Structure formats: structure tokens, C-alpha cells
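Q: sequence-free structure coming up:
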């Protein structure tokens, strides 16, 4: 346990049949296989774009100590959860860093679906105002990646997300792991992400190309705080133009993976 933060993380193996990634040969469930950078069919253009994002964050950590990264978007279905998951996988698989992926989208959690994990309990339970537990259970989905699911959906999670327990949890996670990636609801729709922004080191905005209205994006940026935004991921674009000179002749897009997130 980190005595200053007051939380300890207990590691659990994913249940049999779940989409764990204990090796490169592991196979995720059919719903997520084609979406993730560790999948056999992942396009090289997509994989390299995530590596570039991870490299930028790596430099930020070396220069400014960036450790806790919040992922959000303006609207729903822009790809923030997929981006958060693939960033966590890239940092843990390609960079071999210890990563915690936290599902703080407590109203509509989906991180557990990405790894086919049970979602009976999770962050909602840790943040419960009646809870006194200082042990937080996470799933070790690979040797370097731990996932904290959200738990059962909570229609009113504001008090928990803004609580001292949430601050202590993030502080403990940043002491235990080299990277903490936090998936949050769309900031243009709900206040949750805007309230959490003050607890993290950097915010990455996911924007769907040709879909997100500029005015709504501008308001979302102001809600989060322009100074906290590390960068923007432009989602659902063709990267074949980028890779054309290297012989890539296929269409790749972060959002071209079936079910929208």
C-alpha cells in the first residue's frame, strides 16, 4: 500500500475465456479482436499512429513528469474508449511500461467489453461514500497492463468523481504505475470529464473527423481547460496517404472497426 495515498491495488487474473493479452499469441474475444492494436489484423498505419501518440506522451513524461492522462471527447461515439484502450496497450506492449487503464465513464462503462471482463464491481464501489475499503482490485490483462473496470453503471456519479477518494486513488495509481490512462464520458454531453480534469496531468481530446461541430468542440475545450489539453486525436481519417510512400495501399481509420465507441 502507498501509505500517503491510502490505497493498495490487488491483482487478479482475468476469468477463463476473457480477452486477456498475456502474450502476443493471446486471442481477444470476437467483439474486440479487430479493433485493438494487438490484433493480428491491425493495420500498420493505425499501429504506428498510436505509437506516435505514445512517443509524444513519453517525451512529456520525461520533460514534465506527465503520468495521469485523461481521455475524453466532445460527443459520444467519437472513439475515445477505443483510443484510450489502444494507447494503454501501446504503452504497455511496445514501450513495456506499467500501465493502469481506469474506466471512469461510470454512467456508460465499456472498458470491460474491450477485454471481455466481468463488470460486477469496480471504480463505482471504490468511490462509494459508505465504503471504507482501501484495497482496489484490478485485472492483470497482461504483464504490464492492469484494468480497473467501472463496476455497475451509476446514473449520478458526480459526488464520487469529485471526492477525496478519487484524488487519493489517482495519486496511489500514479505511485504504483508508470502510466495511468483514464477514460471519461464526453465532455460536451456530461460534466464528469470537466470535473476530473483538475486531477490529471494531461487531457487528450478525441475528435471525429467531419462529424464534431467546431462550436461544440470549442466549448468542450473551454470546459476542460485549454491549458490542460495535451493534444487532439483526429479520429476516423484515412492514413493511407501518410503511409503511401512506404507501400501501404489500404484504408486505415481509427473508427473503421465496426461497433462505435
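A: The structure has been received and is ready for your questions. Note that the structure is predicted; figures quoted are calculated from it, not measured.
Q: residues in contact with the most centrally placed residue in the chain?
A: The C-alpha lying nearest the average C-alpha coordinate of the chain belongs to residue 84 (C-alpha atoms, centre = their mean; 2.9 Å). Residue 84 makes contacts with 71, 101, 111, 181, 182, 183, as judged by C-beta atoms under 8 Å, 6 or more residues apart in numbering. Every C-beta, even on glycine, is put in place using the N, C-alpha and C of the backbone.
Q: Pick the one among those closest to residue 149.
A: For the contacts of residue 84, the residue nearest residue 149 by C-beta to C-beta is residue 111; the value is 6.1 Å.
Q: contacting residues around the closest one?
A: Applying C-beta under 8 Å, 6+ apart, we find residue 111 in contact with 81, 84, 85, 101, 103, 105, 117, 147, 149, 150, 183.
Q: how far away is it from residue 159?
A: From residue 111 across to residue 159, the span is 21 Å (C-beta to C-beta, to the nearest Å).
Q: Also residue 103?
A: In terms of C-beta to C-beta, residue 103 sits 18 Å off from residue 159.
Q: Compute the number of surrounding residues for residue 219.
A: Neighbourhood size, residue 219 [other C-beta atoms under 10 Å]: 14.
Q: what about it, which SS state?
A: Of the three states, residue 219 takes helix according to DSSP: H, G, I helix; E, B strand; the rest coil.
Q: Find the nearest non-adjacent residue to it, please.
A: residue 188 (6.5 Å; C-beta to C-beta, 6 or more residues apart in numbering).
Q: What pLDDT is listed against residue 144?
A: We have a pLDDT of 96 for residue 144.
Q: Excluding chain neighbours, give the residue nearest to it in space.
A: Residue 144 sits nearest to residue 92 (C-beta to C-beta, 6+ apart), 3.9 Å away.
Q: Pull the contacting residues for that neighbour.
A: Taking C-beta under 8 Å, 6+ apart as the criterion, residue 92 is in contact with 98, 99, 142, 144, 145, 179.
Q: Looking at strand pairing, list the partners for the second one.
A: Under DSSP bridges, the beta-bridge partners of residue 99 are residue 145, residue 179.
Q: which residues of this protein score low on pLDDT?
A: Applying pLDDT under 70 to the chain picks out residues 1-6, 17, 19-34, 131-133, 238-261.
Q: Show me the strands in it, by range?
A: Using DSSP state E, the strands of the chain run over residues 8-12, 68-73, 99-103, 135-142, 145-148, 179-183, 202-208, 229-235.
Q: okay, residue 103 and residue 159: which has more neighbours?
A: residue 103 (29 against 12).
Q: Bridged to that one, which residues?
A: Per DSSP bridges, the residues bridged to residue 103 are residue 183.
Q: how close does the nearest residue to residue 165 once chain neighbours are set aside sit to residue 154?
A: If you skip the residues right next to it in sequence, residue 165 has residue 127 as its closest partner in space, 5.4 Å away by C-beta to C-beta, 6+ apart. To residue 154, residue 127 is 9 Å away according to C-beta to C-beta.
Q: shared neighbours, those two?
A: Common neighbours of residue 127 and residue 154, counting by C-beta under 8 Å, 6+ apart, are residue 160.
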